[in-house]
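**Q** Generate coordinates for the sequence data below:
(2 chains)
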There are 2 protein chains.
Amino acid sequence: MPCGEPALRDVHETGRPRGGFQRVMDDYQAGVMQMPRVATRDGNGLDAFFYPKGIVVAGASNNPSKAGHQVLKNLRRANFPGPVYAVNPKEEEILGYKCYPRLSDVPAGVQLMIVTIPAESVPELFKEASAREDIEAAVVLASGFAETGIPERVHLQEEMISYAKKAGIRVMGPNCVGVMNTDNKLDTTFAPTVKSIPGGLSVISQSGALGASLLMFAGDHPVPMGFSKFCHVGNQSDVTVLEVLEYYAQDESTKVVGMYLEGVSDGRAFMETARKLTGKKPLLVLKVGKSDQGSSAALSHTGSLAGSDKVYHGAFEQVGAIRVDTIEDLLNAAKALSMQPLPRGDRICVLTEAGGPGTIAVDEIATSGAASLARFSGRTIKELRDCLPAMAMIGKPDGYADMSAAATEEQHSRALSCVLADDGVDAVIVISVPPTFLSPVKVAEEILAVAKGSKKPVLVCLMSGEWVREARVLLESNGIPTFDMPDQAARAAVAMVKRGRYCREMVERGDDR
Amino acid sequence: MPCGEPALRDVHETGRPRGGFQRVMDDYQAGVMQMPRVATRDGNGLDAFFYPKGIVVAGASNNPSKAGHQVLKNLRRANFPGPVYAVNPKEEEILGYKCYPRLSDVPAGVQLMIVTIPAESVPELFKEASAREDIEAAVVLASGFAETGIPERVHLQEEMISYAKKAGIRVMGPNCVGVMNTDNKLDTTFAPTVKSIPGGLSVISQSGALGASLLMFAGDHPVPMGFSKFCHVGNQSDVTVLEVLEYYAQDESTKVVGMYLEGVSDGRAFMETARKLTGKKPLLVLKVGKSDQGSSAALSHTGSLAGSDKVYHGAFEQVGAIRVDTIEDLLNAAKALSMQPLPRGDRICVLTEAGGPGTIAVDEIATSGAASLARFSGRTIKELRDCLPAMAMIGKPDGYADMSAAATEEQHSRALSCVLADDGVDAVIVISVPPTFLSPVKVAEEILAVAKGSKKPVLVCLMSGEWVREARVLLESNGIPTFDMPDQAARAAVAMVKRGRYCREMVERGDDR
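**A** Below is the predicted model of the structure:
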């Protein structure tokens, strides 16, 4: 699934005068349509992690129950194109990768080292690595360092870092699952099968398991959601969450960033970095530590001082980061933002074929505190009345139309076309529970005919399950995001409204370059 | 999936002194294990809807785009065992059901009439029906009555009801999708394929589409969730939501009730009826109208005065109805309540293999306002320390244990066994994101070995997707509910805590008989 918010740069010329928000929106739209995909590398220090020329796995193992085996399996499955070497004194070959007894035996040209040996031996390994000239980065999957809180183990981490610093090797981890990059067919993790589909979402997570799960759930969407990059920084002994955010900010393949956050040590630095990122692309944040106990769990997990949730909340608002409450909401918002143009205002129209689900969406928008229902013009109300079944309920409340269960497939599209033409409508949520006497695919085709190419975002909730699967695949393959539930569609639309507003404010402040 | 909360009656004798909450809990446990399934019919007026001897479909059609065709298709698919007759002057037979030109031609023995003819002809049909002696109930799927707000159409509904009253025919609808009953293989709706699997959940919905979707989503759980009865009352011209609640209260096949509510006209009567029901089984309510606009949408949908959300909220608390926010939460809570014993207290332990998802669950519990984290004894902490990997984080915060990604399959079960034995633990949520070097099925087997037969509820969140599908099926087939996400598991556990507390309070008040 191609994705993209090419943000605030000129992408093409339309021939008509463009400026301010109009320009931003045109660019966004053009970007969504053109989906630029070529990754550029600007030499930022993290390139050796995400685009290594060659890889060595120290601690490679023939035992499938070891991380040192699974990493090779993941590299093999992702089909990493560069050379991969394994260090193991007892084996000739593991999973088709040649083994070398010692790190020093490995041919030159390695840029990234993946470390899966026991913590105790890690400092020595870095000493060996420093004797080589080629290793620039290391992902340390091994755990048993500072996260234990045990003084000797904290010291072990310090020792490792001191060797690494001397050798000029950047370190990710320890106690991490490392990185994935579909752009470069790279997977340094030992996470179970993540579908390696290119997309615009990049993920930074303070939990490896949660981050990997998130990508697996992404693969379960009607059209599997792809991703660009994934990163779990573990103990942050060297590379920090903020550096990764900065890297994502300048990474052209990354169109939307999703973050699982437990806490940051330097709030001001976080805000600065986040602001750089949100100046270019949306940042979705799932932040835990809403309660004292949650903060305590986060502290024991990553040593993060979660701090006051209120303070974080305010900081997110200030820097234009969009806070989400669940993994599902993060993915749904990322999907909507990746596929659709931004709304030019805050007014969402709910167009539904079923009153119950429609009411749920209306409640969600009206209680969001960030978006409002659309304002229908008199003309829209008249046109809807003309094109919909007699029992349709129009404009009660304003911005809401219940087409009724008697609506045909064609009436879905006619009504959608009508509300999209209204200046009081900035975005549309279409909800339908196609009864057995309608064809869900035909409903989707009708919606698609109108929604495709719309300059206003259209989000679709087709309920439910298998009955509408094919219809949803059709919509998503054509860039129209779909959702299981009306409340999910509404929250995704609200996230788009927040992003749209932030972009307008940037333009007003002159911050869009 | 068998379900059951055989509530507050004696079901068996265990031979030891039992009283108050102990008895309630033993009964509950016994019920969950025995899963009584035989439906009893006590002659309540709605039996003719849910257990009709024979059915006639007035308005049967050979045209697949008509409700009058889909109803017959659904009756055929559900495999209704009694006689079904179709009224259609032009056809000999539809979908294998014999057609009769007029209602009066249909053989005697019909108890339920399903009406899919145009609204204008409905009063006349009821006049014909009153000439027969056998019809006791009618589901009127046809719309175009009072819900339109048009005076002539309101009158049409009144006329229909006046004929029905004279003839002693109870009416469900109009403008409804009617009933389903897996107990009797009955489906009067024109909703798309709902998997007709018997279970303990019964649904009453003020939205036909939402209710039907809910059942379709239920079918998408790892082990498809069954249901007992479904009802959508439409305009409530005769049979009301309250009557259905009362029917469900006394229905033995119904173990948990899920309700989608837009509003009720008589708050006091609702509270009385709901209290009768919650005295016997859990009631989960998804109530819309949280905002003025949502209330307005509900009003235009079903004419329900949603009223102050605060007042409803307070009423739910008073009568022990458990409010849920989403369709997913309703299903998840129903699943947990159907499968597991009730907690004897409010303290939930979170036992996790991954810090991020664990923290999310902790946050959800701590901010629920209804449950709290468990209190570990010193012994539990010591035992966990002994049986878990060195890098496990135990009791930070209290009641929380992060087994770490190094935990083996066996360590999952040892830790679970240990926390279940602690008196400070009333319920356990087990979370695991099995890394590639573990077998998800083995993790499930280990959890199952300990959780099965536990007197404390165990809820499991195995992340994610296909990687853990087989493991989740294994758990759910053995009565252990599983969830996609940690926050979902936590909300389901909190719902159980609420139900447990309400049952204890009933026992204290002496209201348990």
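**Q** List the buried residues in stretch A:79-92.
**A** A:80, A:82, A:83, A:84, A:85, A:86, A:87, A:88, A:91 (16 or more other CB atoms under 10 Å in any protein chain shown). Every C-beta, even on glycine, is put in place using the N, C-alpha and C of the backbone.
**Q** what sits against the first one?
**A** Right, the one you point to is residue A:80. For residue A:80, the contact set (CB atoms under 8 Å, 6 or more residues apart in numbering or on different chains) comprises A:55, A:184, A:185, A:186, A:187.
**Q** for it, helix, strand, or coil?
**A** State at residue A:80, reduced to three classes by DSSP: H, G, I helix; E, B strand; the rest coil: coil.
**Q** before we move on, what about the fifth one?
**A** Under three-state DSSP, residue A:85 falls in the strand class.
**Q** quick revisit: would CSV of the buried residues of stretch A:79-92 with distance to residue A:374 and pLDDT be doable?
**A** As requested, these are exported to CSV (distance: CB to CB, whole Å; pLDDT from 0 to 100):
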residue, distance to residue A:374, pLDDT
A:80, 48, 93
A:82, 51, 93
A:83, 56, 95
A:84, 54, 96
A:85, 59, 97
A:86, 59, 97
A:87, 61, 97
A:88, 63, 95
A:91, 65, 94
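**Q** Of all pairs in those, which one is the farthest apart?
**A** Maximum pairwise distance in those, criterion CB to CB, is 21.0 Å, between A:82 and A:91.
**Q** returning to what we had before: most neighbours out of the contacts of residue A:80, which is it?
**A** The residue in the contacts of residue A:80 with the most neighbours, by other CB atoms under 10 Å in any protein chain shown, is residue A:186 (27 neighbours).
**Q** packing partners for the helix ranked longest in chain A?
**A** Counting residues, the longest helix found in chain A (DSSP state H) is helix A:486-509. In terms of contacts (3 or more CB pairs under 8 Å, 6 or more residues apart in numbering or on different chains; DSSP states H and E), helix A:486-509 is packed against helix A:20-34, strand A:322-324, helix A:327-339, strand A:347-352, helix A:355-366, strand A:427-432, strand A:458-462.
**Q** Flag every buried residue along that helix.
**A** Buried residues in helix A:486-509, counted by 16+ other CB under 10 Å: A:486-504, A:506-507.
**Q** again with stretch A:45-61
**A** Neighbour-count burial for stretch A:45-61 flags A:46-52, A:54-61 (criterion: 16+ other CB under 10 Å).
**Q** Narrow those residues to those in helices?
**A** Using DSSP H, A:47, A:48, A:49, A:50 are the members of the buried residues of stretch A:45-61 that sit in helices.
**Q** any idea which of those is closest to chain B?
**A** Of all those, residue A:49 has the smallest distance to chain B: 20.7 Å, by CB to the nearest CB.
**Q** Now do the contacts for that closest one.
**A** For residue A:49, the contact set (CB under 8 Å, 6+ apart) comprises A:112, A:137, A:139, A:170, A:172, A:178, A:179, A:231, A:239.
**Q** Let me know how buried the second one is, in neighbour terms.
**A** In other words, residue A:137. Residue A:137: 25 neighbours (other CB under 10 Å).
**Q** what does residue A:124 give?
**A** 14.
**Q** got a pLDDT number for it?
**A** pLDDT for residue A:124: 96.
**Q** Surely it forms part of a strand?
**A** No. Counting by three-state DSSP, residue A:124 is not part of a strand but helix.
**Q** Which single residue of the stretch 201-350 of chain A ends up nearest chain B?
**A** For the stretch 201-350 of chain A, CB to the nearest CB, closest residue to chain B: residue A:207, 2.3 Å.
**Q** didn't that residue look like it was pressed against residue B:354?
**A** Yes. At 6.3 Å, residue A:207 counts as touching residue B:354 under the criterion of CB atoms under 8 Å.
**Q** Would you enumerate the residues in contact with the residue of the stretch 201-350 of chain A closest to chain B?
**A** Contacts for residue A:207 (CB under 8 Å, 6+ apart) come out as A:232, A:260, A:262, A:301, A:302, B:354, B:355, B:356, B:357, B:359.
**Q** where are the low-confidence patches of chain A?
**A** For chain A, applying pLDDT under 70 flags the ranges A:1-44, A:304-307, A:512-513.
**Q** How is it divided into domains?
**A** Listed by automatic domain parsing, the domain ranges of chain A are A:47-172, A:194-338, A:342-493.
**Q** how near is the closest residue to chain B within the stretch 301-450 of chain A to residue B:334?
**A** Nearest residue of the stretch 301-450 of chain A to chain B: residue A:356, at 2.3 Å (CB to the nearest CB). Distance, residue A:356 to residue B:334, using CB to CB, to the nearest Å: 18 Å.
**Q** do residue A:179 as well
**A** Distance from residue A:179 to residue B:334, counting by CB to CB: 41 Å.
**Q** And those two? Which one has more around it.
**A** Ranked by neighbour count (other CB under 10 Å), residue A:179 and residue B:334 place residue B:334 first, with 31 against 26.
**Q** contacting residues for that one?
**A** B:201, B:225, B:256, B:258, B:282, B:284.
**Q** Show me just the buried residues among the residues you listed.
**A** Applying 16+ other CB under 10 Å to the contacts of residue B:334, the neighbour count classes B:201, B:225, B:256, B:258, B:282, B:284 as buried.
**Q** Chain A: which of these is nearest?
**A** residue B:225 (12.0 Å).
**Q** The closest one should be in a helix, yeah?
**A** No. Per three-state DSSP, residue B:225 lies outside any helix segment and is coil.
**Q** Surely it touches residue B:198?
**A** No. Judged on CB under 8 Å, residue B:225 makes no contact with residue B:198 at a distance of 10.6 Å.
**Q** Name the residues of the stretch 1-150 of chain A found near chain B, please.
**A** Counting by CB under 8 Å from any CB of the partner chain, the stretch 1-150 of chain A comes close to chain B at A:64, A:65, A:66, A:67, A:69, A:70, A:73, A:74, A:143, A:144, A:147, A:148.
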